[in-house]
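Visitor: What follows is a predicted protein model with its sequence.
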Amino acid sequence: MNGPRLLLQWLPIFLLIQLFQISNADLGTASQYRPPYTPTACYGNDASQFPTSNLFAAAGEGIWDNGAACGRQYLVRCISAVVPGTCVPGQTIQVRIVDHALTSGSRPFRVGTTMVLSTTAFGTIAKPSASSVNIEFQQV
């Protein structure tokens with residue numbers, strides 16, 4: 001008899017904890033850029049800087065950190081866009097920062113975003129026709 005009553009007493013607390021779980025992810029925006037991807041601010045003309053998956057990005061001012069962002073890896077997912085249905089549901093990618101968006105050789109579709117993704121990376125999480133999307137990202 002005490003078991004069900006005890007469960008009912010703790011259930012609201014458990015639900016509140018689940019509702020307000022702390023997330024380690026940040027929110028930002030992402031755009032895309034096309035080749036040429038070299039030279040980069042991080043690694044110059046070294047072709048080995050690019051992951052074989054072609055999932056890489058240039059860091060925007062918010063995460064550039066005076067070049068400390070070079071080589072960092074982030075989990076990124078599209079959470080929304082101006083046009084509904086732009087995001088690929090349930091798709092999360094891991095990108096490597098190889099460049100600085102402000103100085104990249106190829107200009108981003110939209111200036112001022114948190115990350116500028118390679119065409120492969122952007123097309124994996126969103127429709128390639130979008131100029132930018134809202135993202136959730138987390139350093140790994």
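Guide: Nice, I can see it. Numbers count the residues shown, from 1 in each chain.

Visitor: Now the most centrally placed residue in the chain. Nearest residue, chain neighbours left out?
Guide: Centrality entry for the chain: nearest residue to the mean C-alpha point is residue 76, 2.9 Å, by C-alpha atoms, centre = their mean. Leaving aside its sequence neighbours, residue 76 sits nearest to residue 137 (C-beta to C-beta, 6 or more residues apart in numbering; 4.7 Å). Bear in mind the C-beta positions are built from the backbone N, C-alpha and C, glycine included.

Visitor: Tell me the pLDDT of that neighbour.
Guide: Residue 137 carries a pLDDT value of 98.

Visitor: now it: how far from residue 30?
Guide: 8 Å (C-beta to C-beta, to the nearest Å).

Visitor: Between those two, which contacts overlap?
Guide: In terms of C-beta atoms under 8 Å, 6 or more residues apart in numbering, residue 137 and residue 30 are both contacted by the residues 76, 114, 115.

Visitor: so which of these comes closest to residue 121?
Guide: Within the shared contacts of residue 137 and residue 30, the smallest distance to residue 121 is 7.5 Å, found for residue 76 (C-beta to C-beta).
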